[in-house]
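> Starting from these lines, generate the structure:
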Amino acid sequence: MENTTYIGLSRQLGLRRAMDAVAHNIANANTPGFKAERLVFREYLANPESRDELSFVQDVGMARDLTNGPLTTTGNDFDVAITEQAGYFVIDTPLGERYSRHGRFQLDAGGQLVTGNGYPVQGQNGPITINSDDGRISIASDGTISNDQGVIGKLRVVDFEDPQLLRKAANGLFSAPPEAEPEDIGTPSLAQGMIEESNVQPVLELTRMMQINRTHESVTRFLKQEDDRIKDMIDKLARQGQA
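Numbers count the residues shown, from 1 in each chain. Prediction:
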């Protein structure tokens with residue numbers, strides 16, 4: 001009798017996690033480089049002995065929407081956007097290499113190109129150091145950085161065979177598991193003075209939120225009806241036992 005309740009509860013737990021994902025997307029609608037996420041569900045079948053199969057709801061992970069976000073012109077020479085779907089900047093952190101689509105960079109006190117958190121941005125030959133007194137910085141579409149004195153370096157941009165394997169890390173970065181090897185993109189497509197915005201569409205996310213809420217209410221009504229049915233059955237059995 002309780003199997004029906006367990007199945008309904010599994011659906012409610014899945015809906016709760018889906019709502020968390022939608023809320024996280026909405027909270028990051030203005031976070032540059034953020035990619036919307038969707039919870040992935042599948043049917044989990046249990047086959048107890050001498051009983052029919054039971055179908056539960058199981059969430060198996062998150063799927064990241066890898067489509068490009070809109071580009072915004074900033075006019076900042078150190079802002080760089082990846083204009084294609086493939087590609088990640090390589091960031092050096094105390095925990096190792098991390099990857100990001102957020103190209104809002106700056107120079108630290110030593111002239112090194114870093115992220116807003118102070119992590120060095122990696123070039124083809126390691127960190128990039130720029131002397132701001134040597135003229136205006138130019139970043140070509142292939143990532144080559146130059147000024148009035150000539151070429152300084154080239155931004156390292158990598159991609160992965162399956163970007164869905166990347167794991168979220170701190171400060172909006174991604175880490176790669178051992179089975180996900182980064183591959184350098186020889187000729188990336190970059191735009192100087194621009195930032196890739198979040199690809200979250202708030203109106204769609206609000207629509208999903210309402211759909212999840214309606215489904216949750218429907219499951220709640222179903223569980224209450226099932227609870228009333230069980231109580232009614234117990235009450236009838238009790239009266240029969242007293243007869």
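
> tell me which residues in stretch 154-173 are buried?
154-160, 163, 166, 169, 172-173 (16 or more other Cβ atoms under 10 Å). The way it works is simple: take the backbone N, C-alpha and C, and place the C-beta from them, glycine included.

> Which residue ranges of this protein form helices?
Along the chain, counting by DSSP state H, helices occupy 2-27, 202-242.

> returning to that earlier point: and which of the buried residues of stretch 154-173 is nearest Ser146?
Lys154 (9.5 Å; Cβ to Cβ).

> For that closest one, name its beta-bridge partners.
Beta-bridge pairing of Lys154 under DSSP bridges involves Thr144.

> wait, what's in contact with it?
Residues near Lys154 by Cβ atoms under 8 Å, 6 or more residues apart in numbering: 123-125, 142-145.

> Mind checking which of those are buried?
Buried among the contacts of Lys154 by 16+ other Cβ under 10 Å: 123, 143-145.

> so which of these comes closest to Ile230?
Gly143 (64.9 Å).

> my guess is the closest one meets Pro188, correct?
Yes - with contacts counted by Cβ atoms under 8 Å, Gly143 reaches Pro188, the gap being 5.4 Å.

> which residues do the two both contact?
Contact criterion Cβ under 8 Å, 6+ apart; residues shared by Gly143 and Pro188: 155, 157.

> quick one on the thing from earlier: which one of the contacts of Lys154 sits closest to Lys236?
Here the nearest of these to Lys236, counting by Cβ to Cβ, is Gly143; it sits at 75.3 Å.

> And the nearest residue to Thr31 once chain neighbours are set aside, its phi and psi?
What sits nearest to Thr31 in space, not counting adjacent residues and going by Cβ to Cβ, 6 or more residues apart in numbering, is Ser198, at 5.2 Å. Dihedral pair for Ser198: phi -60, psi 140, per degrees, to the nearest 10.

> Enumerate every residue touching Ser198.
Under the criterion of Cβ under 8 Å, 6+ apart, the neighbours of Ser198 are 28-36, 69.

> Distance to Thr5 added to the buried ones among the contacts of Lys154, as CSV?
CSV is the format used below for these (distance: Cβ to Cβ, whole Å):
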residue, distance to Thr5
Gly123, 58
Gly143, 57
Thr144, 63
Ile145, 62
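
> so which pair among the residues you listed is furthest apart in space?
The largest separation in those, counting by Cβ to Cβ, is between Gly123 and Thr144 at 9.8 Å.

> list residues touching both of these two?
By Cβ under 8 Å, 6+ apart, the residues touching both Gly123 and Thr144 are 153-154.

> coming back round to it: so for Pro178, which of the helices of the chain sits nearest?
Going by Cβ to Cβ, the one of the helices of the chain nearest Pro178 is helix 2-27, 26.1 Å.

> So which bits of that closest one are buried?
Residues of helix 2-27 classed as buried: 4, 7-8, 10-12, 14-15, 18-19, 21-22, 25-26 (neighbour count, 16+ other Cβ under 10 Å).

> quick check, nearest of these to Gly118?
Nearest to Gly118 among these, with distances taken as Cβ to Cβ, is Asn25, at 27.4 Å.

> Let me see the domain layout of the protein.
Per the record, the chain has its domains at 2-65+200-242, 71-196, by automatic domain parsing.

> Great, nothing more from me.
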